[in-house]
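> Quick one, what's the 3D model for this:
(chains A and B)
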Amino acid sequence: MSEQLATRPPRHFLRRIGSQDPIVVASLALLLGFVVGALIIITTTPAVLDAWRGLFHSWGAPGHAIKVSFDNVGAAYRTMFTGSIIDPQSFWHSLTTGKGWDTTLTPISETLTYATPLVIVSIGVGIAFQTGIFNIGANGQAVLGGIMGTAAGSMVHMPTVLHIPFTLAAGLAGGVISGAVPGVLKALTGAHEVIVTIMFNYVLYAFLLFAVLSTALQQPGQQNDISRTLDPSAQLAPLFGVGSGLRVSYGVFVAIAVVLFAWWLLDRSSLGFEFRVTGANPQAARASGMNARVIVIVVFLISGGLAGLAGVVQVASTTHYIDGEFLIGNAGIGFTAITVALLGRNRPMGIVWSSLLFAALGVGGRAMQATTGIPLDLATVIQSAVVLFVATPVLVKEIFRLRGAPSQTIELATKGWST
Amino acid sequence: MRLELRGITKRFGSFTANDSISITVEPGQIHCLLGENGAGKSTLMNVLFGLLHPEEGEVLIDGEVTKFADSGEAVRRGIGMVHQHFMLVPVFSVAENVVLGFEPTKSFDRVDYKRATEEIRRISKEFSLEVDPDAIVENLPIGLQQRVEILKALSHDAELLILDEPTAVLTPQEIDALMSIMRSLAASGKSILFISHKLKEVKAISDVITVIRQGKVVGTAEPTASEKELASLMVGREVILTVEKTPSTPGANVLEIRDLVVHDDRGLIAVNGVSLDVRAGEILALAGVQGNGQTELVEAITGLRRVESGTVTLKGRDVTNVTPRQALDAGIGHIPEDRQRFGLVLSMSLADNLVLNTPKRAPFAKHGTRNLRAIDQNARDRVEDFDIRATSIREPVSSLSGGNQQKVIVARELSRTLQVLIASQPTRGLDVGSIEYVHHQIVQQRNEGNGSLIVSSELDEVMALGDRIAVMFAGKISGIVDPSVSRQAIGLLMAGETNLEHV
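Just a heads-up that it's a prediction; the model follows:
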């Protein structure tokens, strides 16, 4: 009997831990991220600190301090969850009365709204990473996509059937054009894409200001840096109708199409095979007859195109216009995309999950700030901690004492900037 | 120094690289560790040098149990190591390299170059190791670079020197020079642990030979033992040191190389007017010490390096300066020298690696979409035909042994339609079984009428495989001879001697 038990294979989850499954590591990294967030809440929230200060004032104080800590952390994470995914109370209410579905679905709708362009741009960044290319210019490429998409959607008028594809195509084209510059420069002159794309971001930001202040694109009658509004025929309408108040739009289908395209490209196409070979071993790629220059250019066209598409989807589904601050500042999705792609291991489905996580943390963080007063920055801390733990699988395995901890072949999500 | 290793065991996961190895090196002794690649010699030396920590066993120096936390401690205890790949900074001078990490300093922590230089002069004189302390290392020939490594070890008052495959990169003449240095060091009381898999050298220099196979000591031998005895100890069975092949029946020229000039990475001339003919149904073996332009020659033929002048013609068609893709399509098969860098993508599966240079060709892809079924079928067929040992065709090639990795490349190249096969160091680092297999495959495709250019720095391989032997020295062909000539004659050609009349 005991003999039989000993030889029986371990249960599924345990086996996956033993095999250092990346999904397991990512889940544990997420858990650790929340632990770090909890420690920060405990050490920074005044109410909690007060409770700990009174630790020696009475016999009940230690228990009280622990209780206050748990209450605060619990409240923060609860509002984060109810604010980004679903509020069980509201859900039960809707289920029993059939009313209030709008309120119930708002959190998840918001998360999907934020995730939609993020998925698209992150997949573009991920494809470049898989080829060994750092596209740090995704934000600028998304900006140009947004500009051209806004122009196509507001300055040209046609029926919806044509206008939406035309607007999306214009955004895509904007991304392709801005991706072509670093691609061609790298292929022909060897200029390093990191430098070129970072610098080109600023060129595109300046162009954004120029565009929204130009007579062609500026909102008529305005002196400020605000563009015209997209024709209704060019907007990606809310999935459940304008009246529902839910912002999640038909842009979701664009994102799904991009995921399918990326899956085909990376997993099934011979072009994607060349991308992956180039990314994994450029010398073997060359010796196997692959043309590195062509590959660099094509990758940049695709990566930039997807960034541009993300930019136009953002405009067409939410704001319907752009201003001089469009995607600029630390909220730029093109920069978030870098971490999202790394967290998703540069694979389409992985990126979908990590985009949803980042969107949920952002949306939930705002709800948390509004309800509990804990700053939104905590969400950023959790995001960063998760990425940090994912980037250091050895650390995670060490913390959880996973078998085979010091892996000999740690898979790097990306390589260094040189070579 | 008297060094004793007792029952050293080192495991990597489930793999036991060293299995309770015990060795004793007496003062003034040249002790040779003989074994095939992968037998565990380098692992043992890394244990001894403090780079790896053994699971079991102990190291004794002069009878005292010693533990090294790192290599710095090993150095302080008088152990010096000359690595197979030199650990020198190419743009630094000899003096700078020797004192690196232990620089003598003046006030304000400034490096005292004068004292460093004097110190090196003193050591050079003491052990008659002539090197100019001010020379820049990258300008020195390999043999002298190695001398710098030895100097470096001696400057740390090493009493025991570990030489890891020191002759792999040297010409026969440089090897002689190294051996006389080793003898004089031993005579002055230094102990030497010499690691090699080359029987002749081992016999020539050692006082004691310890043979290692698959991580275990399988025996000790006197240097008087015959090569055949040593070889069978080393590989564990009788070894055929020759390749069985019928005389060649060469046909017309397949590959014609005329006055080829190729530069190396630094823009210096590496191939200096080489002309060669490779005929159908013939193996032309290209011998030579590594670094005499063979690598650049092969890269030029396969489209990986630009030809400065001269021509390459394949069956009458000009293929000078074609792209790698065109070279592949023209029927030039290539087994690259550095298989892991140029031949494989280690993180990818066996199946993917078998179509690495034909991903777009039917039946592996149609309209840009890969046909996974055809790719898998191809992988199963190749695994079967070429006896590749793998648990699955989806397994990443990084988990295959070196021999099986090479079989993947051989299988990929030989299953395409070829006109000529270019193979560089096709058996480097492989076990004897795989070597026999690869040799057999090369002879097989010759018999089918392909031309073959086999580049190797192993004299045994060149003599066993070649129907004709060309020798390359300093970017030129120093001679083309029949495989029946003596090893000494080829050795002289490898050293640049072109007048063989006095041999």
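
> okay, CA-based contacts and neighbour counts for the rest of this
OK.

> does B:Leu421 really touch B:Ser452, like I thought?
Yes. With contact defined as CA atoms under 8 Å, B:Leu421 counts as touching B:Ser452 (4.7 Å).

> Can you tell me the SS state at B:His334?
At B:His334 the chain is in strand, as set by DSSP: H, G, I helix; E, B strand; the rest coil.

> before we move on, back to that, B:Leu421 and B:Ser452 - which one has more neighbours?
B:Ser452 (29 against 24; other CA atoms under 10 Å in any protein chain shown).

> Is the more buried one bridged to anything, and to what?
Applying DSSP bridges to B:Ser452 gives these bridge partners: B:Ile283, B:Leu421.

> Remind me what the helix or strand that A:Gly37 is a member of packs against, helices and strands.
Taking DSSP states H and E as the criterion, A:Gly37 maps to helix A:22-44. Helices and strands touching helix A:22-44, by 3 or more CA pairs under 8 Å, 6 or more residues apart in numbering or on different chains; DSSP states H and E, are helix A:12-18, helix A:46-53, helix A:61-84, helix A:377-391, helix A:393-399.

> Show me what from chain A comes close to chain B.
Within chain A, the residues that sit near chain B (CA under 8 Å from any CA of the partner chain) are A:268-271, A:273-274, A:277, A:280-281, A:283-290.

> Could you provide the helices and strands packed on helix A:22-44 in JSON lines, with additional columns for distance to B:Thr117?
Below are the helices and strands packed on helix A:22-44 laid out as JSON lines (distance: least, CA to CA, whole Å):
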{"stretch": "helix A:12-18", "distance to B:Thr117": "55"}
{"stretch": "helix A:46-53", "distance to B:Thr117": "64"}
{"stretch": "helix A:61-84", "distance to B:Thr117": "66"}
{"stretch": "helix A:377-391", "distance to B:Thr117": "46"}
{"stretch": "helix A:393-399", "distance to B:Thr117": "45"}
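
> Let's have the ones you listed in JSON lines, adding mean neighbour count, mean pLDDT and distance to B:His85.
Output for the helices and strands packed on helix A:22-44, formatted as JSON lines (neighbours: other CA atoms under 10 Å in any protein chain shown; pLDDT from 0 to 100; distance: least, CA to CA, whole Å):
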{"stretch": "helix A:12-18", "mean neighbour count": "14", "mean pLDDT": "47", "distance to B:His85": "36"}
{"stretch": "helix A:46-53", "mean neighbour count": "16", "mean pLDDT": "86", "distance to B:His85": "59"}
{"stretch": "helix A:61-84", "mean neighbour count": "19", "mean pLDDT": "91", "distance to B:His85": "55"}
{"stretch": "helix A:377-391", "mean neighbour count": "20", "mean pLDDT": "88", "distance to B:His85": "32"}
{"stretch": "helix A:393-399", "mean neighbour count": "18", "mean pLDDT": "79", "distance to B:His85": "29"}
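
> So B:Asn18: helix, strand or coil?
Relying on three-state DSSP, one would call B:Asn18 strand.

> picking that back up, flag every buried residue along the helix holding A:Gly37.
Neighbour counts using 16 or more other CA atoms under 10 Å in any protein chain shown place A:22, A:24-26, A:28-34, A:36-38, A:41-42 of helix A:22-44 among the buried residues.

> Show me which of the residues of chain A next to chain B are buried.
In the residues of chain A next to chain B, the ones that pass as buried (16+ other CA under 10 Å) are A:268-271, A:273-274, A:277, A:280-281, A:283-290.

> just checking, which of the residues you listed belong to strands?
Judged by DSSP state E, these include no members of strands.

> Restricted to helices, list these.
A:Ser270, A:Leu271, A:Phe273, A:Glu274, A:Val277, A:Ala280, A:Gln283, A:Ala284, A:Ala285, A:Arg286, A:Ala287 (DSSP state H).

> Which residue, neighbours along the chain excluded, lies closest to the third one?
On the basis of CA to CA, 6 or more residues apart in numbering or on different chains, the spatially nearest residue to A:Phe273 that is not a chain neighbour turns out to be A:Leu266, at 6.5 Å.

> A helix includes the one you found, no?
Yes. Under the criterion used here (three-state DSSP), A:Leu266 sits inside a helix.
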